[in-house]
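[1] Model the structure of this input:
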Amino acid sequence: MSTRIAFLKGHGTENDFVIVPDPENVIELPPAAVAALCDRRAGIGGDGLLHVVRSEAHPEARHLAAEAEWFMDYRNADGSIAEMCGNGVRVFARYLQRAGHTGEGDLAVATRGGVKTVHIDKDGGVTVGMGRARLPEGDVTVSVGDHSWPARNVNMGNPHAVAFVDDLADAGSLNEAPPFSPASAYPDGVNVEFVVDRGPRHVAMRVHERGSGETRSCGTGACAVAVATARRDGADPTVTGAPATYTVDVPGGTLVITERPDGEIEMTGPAVIVAEGELDAEWLESFVR
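    A predicted model of the protein is given here:
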């Protein structure tokens, strides 16, 4: 392992990430090392880790190299692997811009959830093409304490259960995963969003992210919430031919989600790099052995 390992810290609507640039995929990052880096007391701290790798250098993304030069090897805070992270893609794109790998305009980013199209705006906002939502059939219920709510099953490349509640406080502490049923709906766990109305096409949410606990924001979750709210409101752009745009407030800020008539979903929000430095290679290596 190199004795000089660069890292950066960034966030998108306060969903924060440790960023590890590793173009040639030579840095070992087992779950224990990722969890240590994301630890908010003994490490750098983050809701997840963005491992920045060239697609051709990573076995999971090599087949996507012709479509996207860069692969977002995303890890949850506990070190587990996730398919996608919407806020993470925006921060990933901001890092690529900062490092001189891209400029304003369009680029493609490979993820385990497929290739995502990204647009870096002149005003600093970043828009991500999040793909289409899938709405698996079947009833789902989520619970907090003695309370249970029906939830909408929405898949954005990763699984979500969206529950509408009277008050966001009803969700209680979301550090632990809320129970759900049936278990067969989410065999690999689920991100759970609790949602309240704020006004016409304007909602607010809290989220438990699988593998990370409650986070200040979740991009794929905001998309799932917008889709679930649109269907609750009787809006389906693929049927009406009219786009549906929702403002989604998260604890860390605001995201704007648009579902287009072709079913594609776009998410727009901020992405900020706040620090950069070097990791102590011996410290990190102690979690690799």
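[2] Please enumerate the helices of the stretch 51-200 of the chain.
    Using DSSP state H, counting those that start in this stretch, the helices found in the stretch 51-200 of the chain span residues 86-98.
[3] any idea how far the most centrally placed residue in the chain lies from L96?
    For the chain, the residue nearest the mean C-alpha position is C85 (2.2 Å; CA atoms, centre = their mean). Computed as CB to CB, to the nearest Å, the C85 to L96 distance reads 15 Å. For every residue, glycine as well, the C-beta is placed using N, CA and C.
[4] What are the neighbouring residues in contact with L135?
    With contact set as CB atoms under 8 Å, 6 or more residues apart in numbering, L135 has these partners: R152, N153, V154, N155, V227, R231.
[5] Low-confidence ranges, the stretch 51-200 of the chain, go.
    Regions of the stretch 51-200 of the chain meeting the criterion pLDDT under 70 are absent.
[6] show me what contacts the nearest residue to G103 once chain neighbours are set aside?
    Closest residue in space to G103, ignoring its immediate chain neighbours: Q97 at 6.5 Å, by CB to CB, 6 or more residues apart in numbering. By CB under 8 Å, 6+ apart, Q97 lies in contact with G103, E104, I120.
[7] For Q97, give its distance to V128.
    14 Å.
[8] repeat for A61
    Distance from A61 to V128, by CB to CB: 17 Å.
[9] These two: which is more packed in?
    For A61 versus V128, neighbours defined as other CB atoms under 10 Å are more numerous around V128 (28 against 23).
[10] which residues does the more buried one bridge with?
    Per DSSP bridges, the residues bridged to V128 are V118, M267.
[11] quick one on the thing from earlier: okay, and which of the contacts of Q97 map to strands?
    I120 (DSSP state E).
[12] out of the contacts of Q97, who's nearest S173?
    I120 (36.1 Å; CB to CB).
[13] Can you give me every residue that contacts the residue nearest to the closest one when sequence neighbours are not counted?
    Distances taken as CB to CB, 6+ apart place E104 nearest to I120, at 5.0 Å, with adjacent residues excluded. Shown in contact with E104 (CB under 8 Å, 6+ apart): Q97, I120, D121, K122.
[14] same thing with E60?
    Here E60 is in contact with F71, D73, R112 (criterion: CB under 8 Å, 6+ apart).
[15] wait, doesn't the first one sit right on L64?
    Yes. In terms of CB atoms under 8 Å, F71 counts as a neighbour of L64; the distance is 7.1 Å.
[16] H11 should be in a strand, yeah?
    Yes. Counting by DSSP: H, G, I helix; E, B strand; the rest coil, H11 falls inside a strand.
[17] could you check the distance from the spatially closest residue to it that is not a sequence neighbour over to V128?
    Among residues not flanking H11 along the chain, V272 sits closest, at 5.7 Å (CB to CB, 6+ apart). V272 is 15 Å from V128, where distance means CB to CB.
[18] about what we covered before: which ones are touching the residue nearest to the centre of the chain?
    N15, G48, M72, Y74, C218, G219, T220.
[19] Check the residues you listed and tell me the two furthest apart.
    M72 and C218 (15.5 Å).
[20] So which of the two has more stuff around it?
    Set M72 next to C218 and count neighbours by other CB under 10 Å: C218 wins out with 36 against 26.
[21] I'd say the more buried one and N191 touch.
    Yes. If you go by CB under 8 Å, C218 and N191 touch, sitting 6.3 Å apart.
[22] which neighbours do the two share?
    V207, E209.
[23] returning to that earlier point: who wins for most neighbours among the contacts of E60?
    That'd be F71 among the contacts of E60, by other CB under 10 Å, with 26 neighbours.
[24] show me what contacts the spatially closest residue to Y186 that is not a sequence neighbour?
    In space, Y186 comes closest to P159 once its chain neighbours are excluded; the distance is 5.2 Å by CB to CB, 6+ apart. Remark: with contacts taken as CB under 8 Å, 6+ apart, P159 is in contact with N153, Y186, D188, G189, V190, N191, R210.
[25] The first one against V142, yeah?
    No. In this structure N153 lies outside contact range of V142 using CB under 8 Å: 10.5 Å.
[26] Neighbour count for the two, which is higher?
    V142 (24 against 21).
[27] so that one touches P179, yeah?
    Yes. If you go by CB under 8 Å, V142 and P179 touch, sitting 7.1 Å apart.
[28] do you know how far K116 is from H11?
    In terms of CB to CB, K116 sits 18 Å off from H11.
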